[in-house]
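Peer 1: Sharing a model prediction with you, sequence too.
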Amino acid sequence: MTRYLGLPAATLLAAAVCGCGGSGVEDRPAGAEAARAGETSAVGGSDSGREPVATLLNARVVRTSASTEAGQKVDPSKNQGSEKSELKRKHDGSGPDPGDFYWQPSDASKIHDEPLAVKVPAGLQPLIENVSVPAANPITKGKVELGKMLYFDARISKDTTVSCATCHDPAKAWTDNMPTSTGIDGQRGGRSAPTVLNTTYGRTMFWDGRAPSLEGQAQGPPRNPIEMGDQTFEEIVGRLRKIPAYQEMFAKVFGTEVTLDGIAKAIAAFERATALSGNSKYDKYTAGDPKALSDSEKRGMVLFGLRLDQDDDFKTDVVLKKADCTSCHAGFNFTDEQFHNLGIGWDADKKMFADLGRWAATPIGAKNPADRGAFKTPTVRDVARTAPYMHDGSLKTLEEVVEHYNKGGHPNPSLDKDIRKLGLTEQEKADVVAFMKALTGDVIKVELPKLPPGPDGSAPNPVDALSAPGAKAAFRGQHALLQF
Ligand code: HEC
Ligand code: HEC
């Protein structure tokens, strides 16, 4: 079999809910992003999102002493005590302990939830505890159901018009099919909403990798609870606590009230269980069906950098790796999880990048000039459904993407060494596009949830938040909620 499984499983990290919205502003000091979002110093502090991030999560997992069996409670009080008292001290005398909004010790007697075994589509790595599912956030039935409601519930946004699904709609391959999403206050330069598909396998989150997994952060209450935009964590959680069904479900699933920690964990569990793309024509081919791919798709596969199955008698004279896409789009999820500069967003006249990407997300002292204008390699699974392309949504079609590579990217001082003129013929370009289209998977269909009524007895319709016109601006301030 020719399946390419390049990435060591142990280094793959769980993906997460995350902070969204444009960023990568040139003149903001490194670390400001993290500080604004109430992240710990460890976030974005690793050089390229390799071992340090894994170490961070592992360290947290190891320190979680409670049972990690699915369906059982994980008691973060075992390792978060000092953070909690820190918060308490900060807020002494000013009403209820705001730490309660972030995290509470769970009451095992209240938890009535069952483990959920997720069967991933063919071609994907199974979900493995400590690899793609953090031990502290086992996937359970009630949690996934709750996470789905929260994912589609616009009451998470200040003016209650924007949900996660506004920008990551499962019916649009978990994107919004828009070039960029509206940035948050003080941020210039938009970024395109990436797909949530297969992010459970991602080692870092965002185009610049500035966030590790959701849970790596979510286990600790944000140490720097500053107001984000025009809405605080307390307002978000306070609003959801007024919805009786959410209070009941949190008790059932986490044994707590509605907390920020629980919101993040539930949404992440929902994404892990459903935002998966596999069993594409390519996966059927690698599973042993030589007819699953057309001749053009097979030529594209070879140009892309993958060998044909040895039992396949198809003959072609195209040169293996001529397009050399597997230098970066490698492994079962077609990404090396690294950061590369393709020259997207480079202004040749002004000699500057619209968005510095990884460089801006790296702390002072660890900045690498090669990271200027470098972004995370996205998966190309389901890529036919996620147009437009690149971090700024500047390329409209897969043909334009292949043309960009064929001409050697946009020359600039940080251009990746693997980006060079390819000399593909028209037929070869079409073949590479055909191969990418053969990566369109069987996406798990997501039925819209029925949302619970609020204190006034009325329940919103999740459809109203799907691509609500002009609604994205209302999401300013939500960034913090997502940024774990
Ligand atoms: C206003 C549009 C918008 C909303 C609403 C939104 N996102 Fe995002 N999301 C984005 C953008 C833009 C990015 C990329 C930001 C960056 O790289 O700096 C992103 C990134 C992500 C990523 C990282 C994917 C990757 O490959 O790195 C995940 C996961 C994600 N969002 C999940 C969510 C969840 C869960 C919610 C709701 C709690 C949400 N988003 C709400 C626009 C949005
Ligand atoms: C040097 C590493 C590298 C190589 C080689 C490479 N890519 Fe990429 N690819 C990336 C990065 C990084 C991005 C995101 C860049 C950005 O947004 O600035 C990307 C983005 C893409 C996208 C857009 C995906 C999306 O969701 O927006 C497609 C499609 C794609 N690459 C296909 C290819 C094909 C086809 C080849 C071979 C011809 C190839 N790539 C070669 C690193 C690479």
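Peer 2: Structure received. Ligands and ions are numbered 1, 2, ... in the order given.
Peer 1: switch to C-alpha atoms for all contacts and neighbour counts from now on
Peer 2: Noted.
Peer 1: Could you list the low-confidence segments of the stretch 301-450 of the chain?
Peer 2: Within the stretch 301-450 of the chain, the set of residues satisfying pLDDT under 70 is empty.
Peer 1: From Gln427, how far off is Met436?
Peer 2: Distance, Met436 to Gln427, using C-alpha to C-alpha, to the nearest Å: 14 Å.
Peer 1: Check the offset of stretch 435-443 from the chain's centre.
Peer 2: Between the centre of stretch 435-443 and the centre of its chain there are 19 Å (C-alpha atoms, centre = their mean, to the nearest Å).
Peer 1: quick one: that stretch near ligand 2?
Peer 2: No: judged by C-alpha under 6 Å from any ligand atom, stretch 435-443 and ligand 2 are separated, with a smallest distance of 7.1 Å.
Peer 1: I figured Asp107 was touching Thr256, is that so?
Peer 2: Yes: Asp107 is within contact range of Thr256, at 6.7 Å (criterion: C-alpha atoms under 8 Å).
Peer 1: Now Glu297. Its backbone dihedrals?
Peer 2: When quoted as degrees, to the nearest 10, the phi and psi of Glu297 stand at phi -60, psi -40.
Peer 1: Tell me the confidence at the closest residue to Thr316 other than its chain neighbours?
Peer 2: Here the nearest residue to Thr316 in space, its sequence neighbours aside, is Arg299; by C-alpha to C-alpha, 6 or more residues apart in numbering that works out to 6.8 Å. For Arg299, the pLDDT comes out at 98.
Peer 1: Look up how far ligand 1 lies from Arg299.
Peer 2: 28 Å (C-alpha to the nearest ligand atom, to the nearest Å).
Peer 1: Would you confirm that that residue belongs to a helix?
Peer 2: Yes: assessed with DSSP: H, G, I helix; E, B strand; the rest coil, Arg299 lies in a helix.
Peer 1: so who does it touch?
Peer 2: Listed by C-alpha atoms under 8 Å, 6 or more residues apart in numbering, the contact partners of Arg299 are Thr316, Val318, Glu428, Asp431, Val432, Phe435.
Peer 1: How many residues are close by the first one?
Peer 2: Think Thr316. 13 (other C-alpha atoms under 10 Å).
Peer 1: ok so, going back, who wins for neighbours among the contacts of Arg299?
Peer 2: Neighbour counts for the contacts of Arg299 peak at Val432, which has 26 neighbours (criterion: other C-alpha under 10 Å).
Peer 1: on contacts alone, who are the packing partners of the helix or strand containing it?
Peer 2: According to DSSP states H and E, Val432 maps onto helix 426-437. On a contact count with 3 or more C-alpha pairs under 8 Å, 6 or more residues apart in numbering; DSSP states H and E, helix 426-437 meets helix 295-304, helix 398-406.
Peer 1: Switch those helices over to CSV; also include distance to ligand 2.
Peer 2: Conversion of the helices and strands packed on helix 426-437 to CSV gives the following (distance: least, C-alpha to the nearest ligand atom, whole Å):
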stretch, distance to ligand 2
helix 295-304, 6
helix 398-406, 5
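Peer 1: tell me the most buried of those?
Peer 2: Stretch with highest mean neighbour count among the helices and strands packed on helix 426-437: helix 295-304 (a mean of 24; mean count of other C-alpha atoms under 10 Å).
Peer 1: CA atoms only: put that helix into CSV for me.
Peer 2: Provided in CSV are the C-alpha atoms of helix 295-304 (Å, rounded to 0.1, in the frame of the first residue of the first chain):
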residue,chain,number,x,y,z
ASP,A,295,-6.1,8.2,-14.7
SER,A,296,-5.9,12.0,-14.3
GLU,A,297,-6.2,11.7,-10.5
LYS,A,298,-3.5,9.0,-10.4
ARG,A,299,-1.1,11.2,-12.4
GLY,A,300,-1.9,14.0,-10.1
MET,A,301,-1.2,11.8,-7.1
VAL,A,302,2.3,11.0,-8.5
LEU,A,303,3.0,14.6,-9.3
PHE,A,304,1.8,15.6,-5.8
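Peer 1: tilt between it and helix 426-437?
Peer 2: 90 degrees (axes from the mean of the first three to the mean of the last three C-alpha atoms, to 10 degrees).
Peer 1: Check whether the next helix-or-strand element following helix 295-304 comes into contact with ligand 1.
Peer 2: Beyond helix 295-304 on the C-terminal side, the first helix or strand identified by DSSP H and E is strand 339-340. No: for strand 339-340, no contact with ligand 1 is found by C-alpha under 6 Å from any ligand atom; the gap never falls below 11.7 Å.
Peer 1: Check the gap between the residue nearest to Lys141 when sequence neighbours are not counted and Ala434 for me.
Peer 2: Spatial nearest neighbour of Lys141, chain neighbours left out: Leu116 (5.3 Å); criterion: C-alpha to C-alpha, 6+ apart. Separation of Leu116 from Ala434 (C-alpha to C-alpha) stands at 36 Å.
Peer 1: Please identify which of those two sits among more neighbours.
Peer 2: Using other C-alpha under 10 Å as the criterion, Leu116 and Ala434 rank with Ala434 on top: 23 against 16.
Peer 1: which ones are touching that one?
Peer 2: Counting by C-alpha under 8 Å, 6+ apart, the residues that Ala434 touches are Ser296, Glu297, Gly300.
Peer 1: Tell me who's in contact with the last one.
Peer 2: Pointing back at Gly300 there. Gly300 touches Glu428, Lys429, Ala430, Asp431, Val432, Val433, Ala434, Phe435, counting by C-alpha under 8 Å, 6+ apart.
Peer 1: run the last query once more with 6 Å
Peer 2: Contact analysis of Gly300 by C-alpha atoms under 6 Å, 6 or more residues apart in numbering lists Asp431, Val432, Phe435.
Peer 1: Of these, just say which sits nearest to ligand 2.
Peer 2: Val432 (6.1 Å; C-alpha to the nearest ligand atom).
Peer 1: and the closest one, how far is that from Met301?
Peer 2: Val432 is 7 Å from Met301, by C-alpha to C-alpha.
Peer 1: same question, Asp100
Peer 2: From Asp100 to Met301 the distance is 52 Å (C-alpha to C-alpha).
Peer 1: which ones are touching Pro452?
Peer 2: Counting by C-alpha under 6 Å, 6+ apart, Pro452 makes contact with Ala459.
Peer 1: circling back: so between Met436 and Gln427, which is more surrounded?
Peer 2: Met436 (20 against 12).
Peer 1: Tabulate the helices and strands packed on helix 426-437 (TSV), appending distance to Tyr151.
Peer 2: Converted to TSV, the helices and strands packed on helix 426-437 look like this (distance: least, C-alpha to C-alpha, whole Å):
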stretch	distance to Tyr151
helix 295-304	35
helix 398-406	29
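Peer 1: Between these, which one is closest to Val383.
Peer 2: helix 398-406 (8.3 Å; C-alpha to C-alpha).
Peer 1: Pro455: neighbouring residues, count only.
Peer 2: Burial of Pro455 is recorded as 12 neighbouring residues (other C-alpha under 10 Å).
Peer 1: Name the SS class of it, please.
Peer 2: coil.
Peer 1: Roughly how far does it sit from ligand 2?
Peer 2: 40 Å.
Peer 1: how near is that residue to Thr379?
Peer 2: Relative to Thr379, and taking C-alpha to C-alpha, Pro455 is found at 42 Å.
Peer 1: contacting residues around the helix or strand where Ala251 lies?
Peer 2: Secondary structure assignment for Ala251, by DSSP H and E: helix 244-254. With contacts defined as C-alpha under 6 Å, 6+ apart, helix 244-254 is touched by Ser106, Lys110, Ile111, His112, Asp113, Gly142, Lys143, Arg241, Thr256, Glu257, Val258.
Peer 1: Flag whichever of the residues you listed scores worst on pLDDT.
Peer 2: Minimum pLDDT across the contacts of helix 244-254 falls on Ser106, with 85.
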